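Novice: Need coordinates for the following:
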Amino acid sequence: MTIPAHEALERLREGNRRFASDDQDPSMITSQARRHEFTDSQEPFAIVFGCSDSRVPVEIVFDQGIGDLFVIRVAGNVVAPSLVGSVEFAAHQFGTRLVVVLGHSKCGAVSATLEELERPERSRSPNLRSIVDRIRPAVEGLRNTELRNDPEALQAQAVRANIRAAAGQLRHGSALLEELIEGQGLLVVGAEYSLETGRVDFFDGVPPHRG
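Specialist: Here you go, the predicted model:
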């Protein structure tokens with residue numbers, strides 16, 4: 001059964017409230033019954049495209065269990081073709097109608113990109129550089145603003161700029177996702193997880209709150 005995007009978003013909000021207030025039920029996440037329920041099929045209600053940072057375990061942050069979320073993680077939540085394909089697969093195959101691009105405060109990949117803009121690192125491996133190069137367009141313009149005088153504020157705004165850029169790429173960089181957005185209610189939103197508070201702020205592409 002397809003769950004509408006707005007309902008899926010509210011589930012994530014509620015789950016994160018439980019997590020941030022330390023009110024989870026750990027048995028629901030990995031129970032034997034849940035494992036058996038999803039042995040032959042899956043119906044994830046949300047796709048989460050997030051950063052690989054070990055401090056942001058997606059199912060735990062949203063207090064969800066086996067079969068609830070289709071999770072794609074890569075350092076810096078950068079968008080590359082195979083990762084777009086993973087989003088397309090879940091949205092098409094399972095009818096999932098919510099995609100969340102989840103970044104987080106103090107993202108190391110964003111920090112590395114800002115450092116690269118300040119002092120290019122010739123010894124960086126081509127694979128690591130590919131991550132930095134995908135983040136660079138979203139954040140380099142910020143260094144030409146007053147933020148250049150406030151490293152902490154620059155980092156915070158760069159994290160959000162990178163999230164917005166990734167969400168925009170998913171909305172407009174795939175013919176399949178564009179079709180699902182236009183005709184079948186797919187919603188792509190950007191969100192930031194706070195390492196300090198445990199709260200997720202949905203701030204980009206979010207429709208007006210219902211009820």
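Novice: can you map out the strands along this structure?
Specialist: Along the chain, the stretches classed as strands by DSSP state E are 46-50, 69-73, 98-104, 187-193, 200-204.
Novice: Adding mean neighbour count and mean pLDDT, write those strands out as JSON lines.
Specialist: Every residue, glycine included, has its C-beta placed from N, CA and C. JSON lines is the format used below for those (neighbours: other CB atoms under 10 Å; pLDDT from 0 to 100):
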{"stretch": "strand 46-50", "mean neighbour count": "26", "mean pLDDT": "98"}
{"stretch": "strand 69-73", "mean neighbour count": "21", "mean pLDDT": "98"}
{"stretch": "strand 98-104", "mean neighbour count": "27", "mean pLDDT": "98"}
{"stretch": "strand 187-193", "mean neighbour count": "23", "mean pLDDT": "98"}
{"stretch": "strand 200-204", "mean neighbour count": "18", "mean pLDDT": "98"}
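Novice: Can you add distance to Gln24 and give the ones you listed back as CSV?
Specialist: Below are those laid out as CSV (distance: least, CB to CB, whole Å):
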stretch, distance to Gln24
strand 46-50, 17
strand 69-73, 15
strand 98-104, 18
strand 187-193, 16
strand 200-204, 14
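Novice: So for Val132, which of these sits nearest?
Specialist: Among these, the nearest to Val132 by CB to CB is strand 98-104 (15.3 Å).
Novice: gap between the nearest residue to Lys106 once chain neighbours are set aside and Val61?
Specialist: Setting aside the residues directly before and after it, Lys106 is nearest to Leu195 in space (CB to CB, 6 or more residues apart in numbering), at 5.8 Å. Note on Leu195: its distance to Val61, by CB to CB, to the nearest Å, is 11 Å.
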